[in-house]
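Chemist: mind folding the following:
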Amino acid sequence: MSEDWVGCRVSLDCAGLGFFQGVICRINLSDQTVTIEKPFQNGLACKFPEITLNASDIQDLKILKSREELQSESAGQSGSSVVQLVRKKPKQPVAEHLKSGAGGNTRDARDSKTGSRAGKVQPLMSANVPPHIANSVNRASPRFSNARASPKGGGGYDQGGFRSRTYSEGGERGVRTPTRGERLRQRDEDCFGQGGSALNEEEKKMIEEEFDFEKNLAMFDKDTVMKEIDADLSNKPDIVRLVHCNRRQPEAKYRNDENVLGGVTAEFRQITTGEEGCGEFVTDLGLVVPCVSLALRERLQAVIVNHGLGLERQAEVMGRAATELAIQLLGGQHRLTPTNMHQVPTAVFLCGTSQVGTFGISAARHLAGHGVKTQVFLPEAAHYPHVLEAELRLYRLTGGKVVTKGKDLSKGSVDLIVTAMEDQEMWSQERCQPWHRSATAWAEACKAPVLAIDPPAHPPALEVKMTLVGGLPLHHPPEAGKLYLANLGIPKNVYKEVGIKFSTPFGAKFVIPLHTASTG
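Modeler: Model prediction:
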């Protein structure tokens, strides 16, 4: 029973091994194996002439052609084709023309026409050609046939008039190498036939006519052609189906700033203070940062000091944040380089005697550590706060200059001015003091960019470019310039003690910009 399937062309689905197609040559019932010859695997011809497959690996089997159909196809293809040789009339050499009596016929014709001149002396070419001369110029001689033959397999005409190739033996005497002109002429005759062209008059006319593309395109039946192609491919390995099955689905493309994994929808209002009408700002990511009143800020300040985050630690954080903005205003790495020591930037810090003055002196110390030439203006006082005095001693160790009068401020060019003069509650009285007015007049004459550190929520006395605040901002007016918020590191449970629900808006940054929230 198993021998009935030998010789059939089958298609085997072997799951993980792939698809196999071939002709069954052996079936082993004891070992449960099938051997196919001329195999194809996944549409590609295998390197081995035969492949043996286990019955357990075969998931599906389809018979493409029976043994009788394959035998009929092979019998039809084994028929011999007959190549018809076209007889070609060889050219008649001149010597043969003379020998055949063409000259005599011409002479007879002349005699018949002239009559009276028959007895005259005939031309030399009409006389019989001597045999040795005819043999020497006989182009049909073997010598000339060998001369016409090319080195790789020359050509000529045999006695029957058929085109043939003769190969000259290297050791044969009397055989000469054909010239270049003879080789070219022989090549033209082999390609185009005798006379230099194989085209008849009808073919020449078709070439001269203009080809009508639209007419011939209308004659093309695409559906019929595709059906013929499908019918031709139906008996061959199903390459198209295999490729389609193994084709990977296109993967989704993402932007460089888009997350691959789906995240939780962002909640943009993560901070609530319990106050209304104080205004709010938004970050670059759209998170809402509400403003706080001065009273709530004072309560928060008292709580964080009670937990150990005193003025000294706040001064370090604010000084470091102010230094980051100051370096940005000074030109960053393009200005603060070792190769730019001949034009070191200069920054002047205008500080008051309150808490904000401590922030300014700390920023001057941090900025001096980056190689910037700094100068601190601090008005005279009988007694400075303890934290401010300690910060001033640290700053003097940097070699920076400290002045107490407006007339002693720098007379040269200044690259940056940092103001930390006004207290949150006493700012109106401080603006009336002579030291404040002299420092403000000097700053207005310098025309340098101004950075304000923790100013009051009122229009500033100077034109400010940037403003730095810590914790949560007050409702600063637009005249305060671009607002930045520094992370003081206050725990969220400290905010909770004063009734603020806090979630950090800083993300990966230490200082973030704030923008005015649109009312629309």
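
Chemist: quick check: which ranges of the stretch 401-520 of the chain have low pLDDT?
Modeler: 519-520 (pLDDT under 70).

Chemist: quick one, strands of it?
Modeler: 401-403, 416-420, 450-453, 466-470, 482-486, 511-516 (DSSP state E, counting those that start in this stretch).

Chemist: near I24, how many other residues are there?
Modeler: Counted with other C-beta atoms under 10 Å, residues neighbouring I24 total 20. Glycine gets a C-beta too; all of them are placed from N, C-alpha and C.

Chemist: also the one 10 residues further on?
Modeler: A count of nearby residues for V34, using other C-beta under 10 Å, gives 25.

Chemist: regarding it, what is its secondary structure?
Modeler: strand (DSSP: H, G, I helix; E, B strand; the rest coil).

Chemist: how close does it sit to K205?
Modeler: 61 Å (C-beta to C-beta, to the nearest Å).

Chemist: would you turn the strands of the stretch 401-520 of the chain into JSON lines with distance to T358 and mean neighbour count?
Modeler: Converted to JSON lines, the strands of the stretch 401-520 of the chain look like this (distance: least, C-beta to C-beta, whole Å; neighbours: other C-beta atoms under 10 Å):
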{"stretch": "strand 401-403", "distance to T358": "14", "mean neighbour count": "16"}
{"stretch": "strand 416-420", "distance to T358": "8", "mean neighbour count": "26"}
{"stretch": "strand 450-453", "distance to T358": "10", "mean neighbour count": "26"}
{"stretch": "strand 466-470", "distance to T358": "13", "mean neighbour count": "23"}
{"stretch": "strand 482-486", "distance to T358": "15", "mean neighbour count": "20"}
{"stretch": "strand 511-516", "distance to T358": "19", "mean neighbour count": "16"}
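
Chemist: so which of those strands comes closest to M219?
Modeler: strand 511-516 (69.7 Å; C-beta to C-beta).

Chemist: partners of that closest one in the sheet?
Modeler: Applying DSSP bridges to the sheet, strand 511-516 is found paired with strand 280-282 (antiparallel), strand 482-486 (antiparallel).

Chemist: give me the contacts around the longest one.
Modeler: Read it as strand 482-486. 281, 289, 317-318, 321, 325, 465-470, 473, 476, 505-506, 510-515 (C-beta atoms under 8 Å, 6 or more residues apart in numbering).

Chemist: now do that strand and strand 466-470, the angle between them.
Modeler: Interaxial angle of strand 482-486 relative to strand 466-470 (axes from the mean of the first three to the mean of the last three C-alpha atoms, to 10 degrees): 30 degrees.

Chemist: roughly how far out does strand 482-486 sit from the chain middle?
Modeler: A distance of 39 Å separates the C-alpha centroid of strand 482-486 from that of its chain, computed with C-alpha atoms, centre = their mean, to the nearest Å.

Chemist: ok, the shortest one next?
Modeler: Taking the mean of its C-alpha atoms, strand 280-282 sits 40 Å from the chain's own mean (C-alpha atoms, centre = their mean).

Chemist: which strands or helices does the helix or strand just after that strand pack on?
Modeler: Once strand 280-282 ends, the next helix or strand along the chain (criterion: DSSP states H and E) is strand 288-290. For strand 288-290, the contact count by 3 or more C-beta pairs under 8 Å, 6 or more residues apart in numbering; DSSP states H and E identifies strand 280-282 as packing neighbours.

Chemist: okay, now E73: neighbour count?
Modeler: Neighbour tally, E73, other C-beta under 10 Å: 12.

Chemist: tell me where the stretch 251-400 of the chain has strands.
Modeler: 280-282, 288-290, 346-351, 373-377.

Chemist: what's the most buried one of the ones you listed?
Modeler: strand 346-351 (a mean of 26; mean count of other C-beta atoms under 10 Å).

Chemist: let me see the mean pLDDT of that one.
Modeler: For strand 346-351, the mean per-residue pLDDT is 94.

Chemist: what sits up against that strand?
Modeler: Under C-beta under 8 Å, 6+ apart, the answer for strand 346-351 is 326, 330, 357, 360-361, 363-364, 367, 372-378, 409-410, 412-421, 439, 443, 446, 448.

Chemist: and that strand, which strands flank it?
Modeler: strand 373-377 (parallel), strand 416-420 (parallel).

Chemist: who wins for proximity to E228 among those strands?
Modeler: Across those, closest to E228 is strand 416-420 (C-beta to C-beta), at 82.6 Å.

Chemist: phi and psi next, for P477.
Modeler: Dihedral pair for P477: phi -80, psi 170, per degrees, to the nearest 10.

Chemist: distance-wise, check it relative to F502.
Modeler: 25 Å.

Chemist: more neighbours: which of the two?
Modeler: Higher neighbour count among P477 and F502: F502, with 19 against 11, using other C-beta under 10 Å.

Chemist: mind listing what that one touches?
Modeler: With C-beta under 8 Å, 6+ apart, F502 has these contacts: Q270, I271, I490, K492, Y495, K496.

Chemist: which among these count as buried?
Modeler: Buried by 16 or more other C-beta atoms under 10 Å: I271, I490, Y495, out of these.

Chemist: distance to L44 added to those, as a markdown table?
Modeler: Converted to a markdown table, the buried ones among the contacts of F502 look like this (distance: C-beta to C-beta, whole Å):
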| residue | distance to L44 |
| --- | --- |
| I271 | 65 |
| I490 | 69 |
| Y495 | 69 |
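
Chemist: out of those residues, which comes closest to E430?
Modeler: Closest to E430, out of all of those and judged by C-beta to C-beta, is I490, at 27.1 Å.

Chemist: low-confidence regions, the stretch 151-300 of the chain specifically.
Modeler: In the stretch 151-300 of the chain, residues with pLDDT under 70: 151-175, 192-199, 235-249, 262-267.

Chemist: one more pass at 90, please.
Modeler: Within the stretch 151-300 of the chain, the stretches with pLDDT under 90 are 151-178, 181-270, 273-279, 284-286.

Chemist: just the helices in it please.
Modeler: 180-192, 201-208, 213-218, 222-233, 239-246, 294-306 (DSSP state H, counting those that start in this stretch).

Chemist: many thanks, I have nothing further to ask.
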